[in-house]
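S.K.: I need the structure of the sequence given here:
(chains A and B)
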Protein chains: 2
Amino acid sequence: MQRAMEQFKEGLAKIHALEHALGVMQYDFETAMPRGAGEDYAKTVGALSEEVYRRKCGPEFKALAGEIAHDGEADPVARREAEVLLEEIGRMDCIPVEEFVAYEMEQSLASGVWHRAKVENDYAAFLPHLSKLLEFKRRFALYYAPEGKPYDTMLDEYEKGMTTEALDGYFAMVRQRLTPLVEQTAARSAQIDDGFLYRNYPLDGQRALSDYLMRAMTIDRDFCTIGEVEHPFTTNFSKHDVRITTHYYENAVASSLYSVIHEGGHALYELNTGDELVGSPLAGGVSMGIHESQSRLFENLIGRSEAFVGAIFPKMQALFPAQLRGVSARDFYRAVNKSTPSLIRTEADELTYSLHVMVRYELEKRMVDGALDPRDLPGEWNRLYKEYLGVDVPDDTRGVLQDSHWSGGSFGYFPSYAIGSAYGAQFMDAMRKDLDVDAVAATGCLAPIVEWLTQRIYRFGRLKTPGELILETCKEEFNPRYYIEYLERKYAEIYGL
Amino acid sequence: MQRAMEQFKEGLAKIHALEHALGVMQYDFETAMPRGAGEDYAKTVGALSEEVYRRKCGPEFKALAGEIAHDGEADPVARREAEVLLEEIGRMDCIPVEEFVAYEMEQSLASGVWHRAKVENDYAAFLPHLSKLLEFKRRFALYYAPEGKPYDTMLDEYEKGMTTEALDGYFAMVRQRLTPLVEQTAARSAQIDDGFLYRNYPLDGQRALSDYLMRAMTIDRDFCTIGEVEHPFTTNFSKHDVRITTHYYENAVASSLYSVIHEGGHALYELNTGDELVGSPLAGGVSMGIHESQSRLFENLIGRSEAFVGAIFPKMQALFPAQLRGVSARDFYRAVNKSTPSLIRTEADELTYSLHVMVRYELEKRMVDGALDPRDLPGEWNRLYKEYLGVDVPDDTRGVLQDSHWSGGSFGYFPSYAIGSAYGAQFMDAMRKDLDVDAVAATGCLAPIVEWLTQRIYRFGRLKTPGELILETCKEEFNPRYYIEYLERKYAEIYGL
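M.R.: Numbering: from 1, shown residues only, chains lettered A, B, ... in the order given. Predicted coordinates:
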């Protein structure tokens, strides 16, 4: 058994190194690679992915993982590692290696094509790649669960146990409870002046603001960098190497402000996983839903709270005295919470955000089911934006091409954002029983909040399932009513409804 | 044979993918990685390097390479690939794999330590790592050539056939012919006003200048990016993915100006290797000496020529009208060629440059021979700077810690710079027989020069040896007199000697 464990750890270390390199290559692709290098990049991703596949799915390693997972005497952490791996292997192993590699290469190419297509408003260029990725992913889902609905299989990969049925119910509730609120606030939109957010905010000042926010969030810069990209994201290769990114717009200060807090929430989760998990498959966030719960909790429940806005506002005024002359903290708070149906998900206010996600959920579900041909996607996108948000989409750049997810083969990911928002509100409700959250936020130093989350969520990495984390932290199963009620309360106050 | 060739190509592709990933990881380390991630980085570099070692030195692959190298019927490109690989394998295979991996990890760690040590002027922190790297490299040289002098073995790795004996002769000539010139120009230093180079040059303008210079050099930005780092370098993963870097100083415009042209010269070599070599071990520059010949040819023989300075000066005046008010192109030309003994190699003028290299050559030779203990290195460094350049070194940051090379285990690399400068002058002499180089440089578009070099040097990658390239291009073996005579001529004109 001792020998099996050693061999298992050795195998894990090799796989970890390959995955680390693949992660760095992807980060490099997003941040530094010249655009003409796409084919070379795809080839190397293909070759390394094949190596990962062969190592993970090799009969010897699989047998070792099985042996450890079922050995009642083994160290429980090692057993959980083996379980997590066996599940990953199960999803991979059913795919013939050539198809797996072809998919990885196609995905790498498609990302490059999407970047260009978005800039050039050229959906036609992206369409064949989208179709191929969709085809791959549908086939993979059927390999894994021939009897299951492919979209459910995809959902389950990002959020264990999530189903179309549960999401349909969730979004029905969102629609029923939030749509009237969206209409009421839209009608009162003149109440809130947010014009000062769109004055000229020089980038150097915005960069200094990012540094300030990262300090407020207790992000240790020795282990977390901030980069500048077109589409902000967070990635990490261990708790010692976390990278957030942002995009600065000179004429929209709130964009990077909340992007940094959002990505900072992802970063905090990774930075605070247990030291003992470094290099293990259990290091890192347990699911996309829990991950997004943290980014959206920091971005909205804290970052857009009156207490935290009040805390950071003096710094903002010091950085941008002319731009914020005559503006109060309360004005700023109301401006960053102004609800306006709009085109871009990542820039959306808290209230309309879920409607953006709902559009994507419906469309990807229908594409995976085969009910919607990707050729008809832009038309359907535009139709749903009109129906749910009341806005006319002027072009695909600001429409169906705005998000990177599908170009990365991520079908079934978008619901994580909506679920994450709801998880976040439920966690926050539990946190308020232990902590005076507003009093902490008002100090401008979020350390006690980070510590509370670390003790209950972060440190466990993937040791516990999302369901276990919610049940143990909130003493209740997942319940979206906290989220809906929070939004109703908040917006009633802001708009005096 | 067909089957052997296929297996060989498959093996090569896997090795190439691993080396590509290792290259990207190193680029990422230099440009993006948070500093706290050093140990994780070293582990992954160790694991991937081990994989490269096992694939290259595996008996099957070695046998294939041997079979192809000695098969008179094989495609000559494949034979040369096999030969180049066998030589690499020969240098690697004699090292026990554990030592090879330990070295790669130590090298990765040492780079991080050096970065910090330089900032903090802390030679003591770097010393144990330098000693370890030196010990590794000396041992590796003895594994490879137990009877040879370790330093000669190291030189030969960067520049095939180069020996201490040849370099001693070369540097003696440099010393004898250039030292009097350095003294003469230093005495007349008041003749040249270069104060305007040190006015305030905003970074945005400097960035625009870099874009302009890369266009002048015909560098295709689809395949070549420019990044910003503390210590400029160039790297590439194929001819489709070349990265130059620079460092902008607000108060020293010539620094990035010539750094970009220097690194641009490296980039042009890589960008213009033959398409048929992509992915092959023959892609890329053949030696460090030939590589530096290109960077230094563009930086100095062209970039610091009166013709090219005249061509770019109007652009500089347009970018920096206030800073260059009342300055003529001739003034600018004289200023960027002002010779002043100084502390920093990368900022040195053309005339004193070789003396900086000579210091490093002598010191590393003595360290490798065991005649100089790394503990005594700073004192010896400072003594030689005083002796050769007449300057007092105020601290190790501006002394022995200034260059990254030793922290990367590169002992025997420095002479490439001096040899490269001399190769460059010899190539330039040959070029002048075919092209009116000054007339081309005066147009501000260097395409005909790049084309001439591509036809004779770049496109061959590693198909030809450095000696073959020089002999075929210059119709003569390597001869340093072109370099010395060029400097004598140039500086006599500038200083009216």
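
S.K.: Quickly find the element holding the residue nearest the centre of chain A.
M.R.: When CA atoms, centre = their mean is applied to chain A, the residue found nearest the centroid is residue A:292 (4.7 Å). If you go by DSSP states H and E, residue A:292 is part of helix A:288-296.

S.K.: residues from the stretch 51-200 of chain A in reach of chain B?
M.R.: Taking CB under 8 Å from any CB of the partner chain as the contact definition, the stretch 51-200 of chain A meets chain B at residue A:51. All C-beta spots, glycine's among them, are computed from the backbone N, C-alpha and C.

S.K.: separation between residue A:127 and residue A:375?
M.R.: When CB to CB, to the nearest Å is the yardstick, residue A:127 and residue A:375 sit 7 Å from each other.

S.K.: More neighbours: these two, which one.
M.R.: Using other CB atoms under 10 Å in any protein chain shown, the more surrounded residue of residue A:127 and residue A:375 is residue A:127, with 17 against 12.

S.K.: What values do phi and psi take at the more buried one?
M.R.: Note on residue A:127: backbone dihedrals following degrees, to the nearest 10 are phi -50, psi -50.

S.K.: who touches it in this structure?
M.R.: If you count contacts by CB atoms under 8 Å, 6 or more residues apart in numbering or on different chains, residue A:127 has them with A:374-375.

S.K.: go on, residue A:315?
M.R.: A:209, A:212, A:444.

S.K.: now the helix holding residue A:292, how far from the chain's geometric center?
M.R.: Taking CA atoms, centre = their mean, to the nearest Å, one finds the center of helix A:288-296 at 6 Å from the center of the full chain.

S.K.: list the buried ones in whichever helix or strand comes after it?
M.R.: Scanning forward in sequence from helix A:288-296 by DSSP H and E, the next helix or strand is helix A:306-319. Of all the residues in helix A:306-319, those buried under the rule 16 or more other CB atoms under 10 Å in any protein chain shown are A:306-313, A:316-317, A:319.

S.K.: go on, stretch A:374-393?
M.R.: Within stretch A:374-393, the residues that qualify as buried are A:374, A:377-378, A:380-382, A:384-385, A:388-389, A:393, counting by 16+ other CB under 10 Å.

S.K.: Please work out how many residues are found near the residue in the stretch 351-497 of chain A positioned nearest to chain B.
M.R.: Nearest residue of the stretch 351-497 of chain A to chain B, counting by CB to the nearest CB: residue A:461, 15.5 Å away. The tally of other residues near residue A:461 (other CB under 10 Å) stands at 26.

S.K.: picking that back up, is the residue nearest to the centre of chain A in contact with residue A:421, as I believe?
M.R.: Yes. In this structure, residue A:292 is within contact of residue A:421 by CB atoms under 8 Å, at 7.2 Å.

S.K.: In terms of residue numbering, what are the domains of chain A?
M.R.: Domain ranges of chain A: A:2-125, A:164-495, per automatic domain parsing.

S.K.: and the end-to-end length of the first one?
M.R.: This means domain A:2-125. 54 Å (CA to CA, to the nearest Å).

S.K.: got the residues of the stretch 201-350 of chain A near chain B?
M.R.: Proximity of the stretch 201-350 of chain A to chain B is confined to A:220-225, A:227, A:237-238, A:240-243, A:278-279 under the rule CB under 8 Å from any CB.

S.K.: Now list the buried members of those.
M.R.: Among these, those buried by neighbour count (16+ other CB under 10 Å) are A:223-225, A:227, A:237-238, A:240-243, A:278-279.

S.K.: Could you save the residues you listed as TSV and add columns showing pLDDT?
M.R.: Compiled in TSV, those are given as follows (pLDDT from 0 to 100):
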residue	pLDDT
A:223	98
A:224	98
A:225	98
A:227	96
A:237	96
A:238	95
A:240	97
A:241	97
A:242	98
A:243	98
A:278	92
A:279	89
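
S.K.: And those residues, which two are furthest apart?
M.R.: Pairwise distances across these peak at 23.9 Å for A:227 and A:279 (criterion: CB to CB).

S.K.: which other helices and strands contact the longest helix along chain A?
M.R.: Longest helix of chain A, by residue count under DSSP state H: helix A:2-31. Secondary structure elements in contact with helix A:2-31, counted by 3 or more CB pairs under 8 Å, 6 or more residues apart in numbering or on different chains; DSSP states H and E, are helix A:38-57, helix A:59-69, helix A:76-93, helix A:97-120, strand A:234-238, strand A:241-246, helix B:2-31, helix B:38-57.

S.K.: ranking these by burial, who's on top?
M.R.: strand A:241-246 (a mean of 25; mean count of other CB atoms under 10 Å in any protein chain shown).

S.K.: can you give me the angle that one makes with helix B:2-31?
M.R.: Here strand A:241-246 runs at an angle of 70 degrees relative to helix B:2-31 (axes from the mean of the first three to the mean of the last three CA atoms, to 10 degrees).

S.K.: Tell me the strands beside strand A:241-246, with direction?
M.R.: strand A:224-228 (parallel), strand A:234-238 (antiparallel) (DSSP bridges).

S.K.: any chance of these in JSON lines, with distance to residue B:199 too?
M.R.: As requested, the strands paired with strand A:241-246 are exported to JSON lines (distance: least, CB to CB, whole Å):
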{"stretch": "strand A:224-228", "distance to residue B:199": "28"}
{"stretch": "strand A:234-238", "distance to residue B:199": "41"}
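
S.K.: just for chain A, where's the confidence low?
M.R.: Judged against pLDDT under 70, chain A has no low-scoring part.

S.K.: One more pass at 80, please.
M.R.: For chain A, the stretches with pLDDT under 80 are A:1.

S.K.: What is the host helix or strand of residue A:382 packed up against?
M.R.: For residue A:382, the host element (DSSP H and E) is helix A:377-384. Helix A:377-384 sits against helix A:123-144, helix A:350-369, with contacts defined as 3+ CB pairs under 8 Å, 6+ apart.

S.K.: In contact with residue A:156, which residues?
M.R.: By CB under 8 Å, 6+ apart, the contact list for residue A:156 reads A:162-163.

S.K.: is it true that it lies in a strand?
M.R.: No. Counting by DSSP: H, G, I helix; E, B strand; the rest coil, residue A:156 is not part of a strand but helix.

S.K.: Could you pull out the buried residues of the one helix or strand residue A:452 maps to?
M.R.: Secondary structure assignment for residue A:452, by DSSP H and E: helix A:447-456. For helix A:447-456, the neighbour count (16+ other CB under 10 Å) marks A:448-450, A:452-454, A:456 as buried.

S.K.: closest to residue B:73 among the residues you listed?
M.R.: Nearest to residue B:73, judged by CB to CB, of the buried residues of helix A:447-456 is residue A:454 at 66.3 Å.

S.K.: surely that closest one meets residue A:272?
M.R.: Yes. Assessed by CB under 8 Å, residue A:454 is found in contact with residue A:272 at 4.3 Å.

S.K.: contacts for stretch A:175-183?
M.R.: A:339, A:341, A:351-352, A:354-355, A:358, A:388-389, A:484, A:487-488, A:491, A:497.

S.K.: Narrow those residues to those that are buried.
M.R.: The neighbour-count test (16+ other CB under 10 Å) applied to the contacts of stretch A:175-183 identifies A:339, A:341, A:351-352, A:354-355, A:358, A:388-389, A:484, A:487-488, A:491 as buried.

S.K.: Against residue A:39, how distant is residue A:127?
M.R.: On the measure of CB to CB, residue A:127 and residue A:39 end up 20 Å apart.

S.K.: I meant to write residue A:284 there.
M.R.: Going from residue A:284 to residue A:39 by CB to CB gives 30 Å.

S.K.: follow-up on the earlier one: kindly reformat the domains of chain A as CSV containing distance to residue B:59.
M.R.: As requested, the domains of chain A are exported to CSV (distance: least, CB to CB, whole Å):
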stretch, distance to residue B:59
domain A:2-125, 20
domain A:164-495, 31
